[in-house]
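> Would you be able to build a 3D model of this:
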Amino acid sequence: MPDASKEKAKKRTEMLADLRNQRRERVKQAQALLKEQQTTRKTLSRAMQGEPKSIPQLAEATGLPAHAVLWHVAAMKKYGNVVETGMDEDSVYYLYTLAEEARS
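As a prediction, this is how the structure comes out:
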């Protein structure tokens, strides 16, 4: 009986090793994408410090395309990192600030 469970454990270990090898490249791609997203969000957070900014202002300040800024700001808002703080002077765009700055 103990030999059967050892054999089963060995097969499972080999199967998991094969699976890791098969998916190694995909895992690397996912890690690279996550790192890029974190870097972009840090850049946006730095740009938001001090005063609320709109999506076009953030795009100009960071050099990122507006559609990418909007996507990241929406995600940051969803997870509570960013809050809306009103509208710009022309009442066209929402202004965003870091949630920690809005609390203080």
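
> element containing the residue nearest in space to the middle of the chain, please.
Centroid-nearest residue in the chain: residue 37, 4.5 Å away (criterion: CA atoms, centre = their mean). Using DSSP states H and E, residue 37 sits within helix 2-48.

> same thing with residue 96?
Residue 96 belongs to strand 94-98, assigned by DSSP H and E.

> Can you tell me which helices and strands that strand packs against?
helix 2-48, helix 55-62, strand 82-87 (3 or more CB pairs under 8 Å, 6 or more residues apart in numbering; DSSP states H and E). Any C-beta I mention is one placed from the backbone N, CA and C, and that applies to glycine too.

> Figure out which of the ones you listed is closest to residue 76.
Among these, the nearest to residue 76 by CB to CB is strand 82-87 (4.1 Å).

> Identify all contacting residues around the closest one.
48, 52, 73, 76-77, 93-99, 102 (CB atoms under 8 Å, 6 or more residues apart in numbering).

> Among those residues, the buried ones, what's the ChimeraX command?
Here is the ChimeraX selection string for the buried members of those, based on 16 or more other CB atoms under 10 Å:
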select :48,52,73,76,95,96,97,98
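
> ok, back up a step: quick one: pLDDT of the residue nearest to the centre of the chain?
The score at residue 37 is 95. That number is its pLDDT.

> just residue 57 next, same as before
95.

> what's near enough to touch it?
Contacts of residue 57 (CB under 8 Å, 6+ apart): residue 93.
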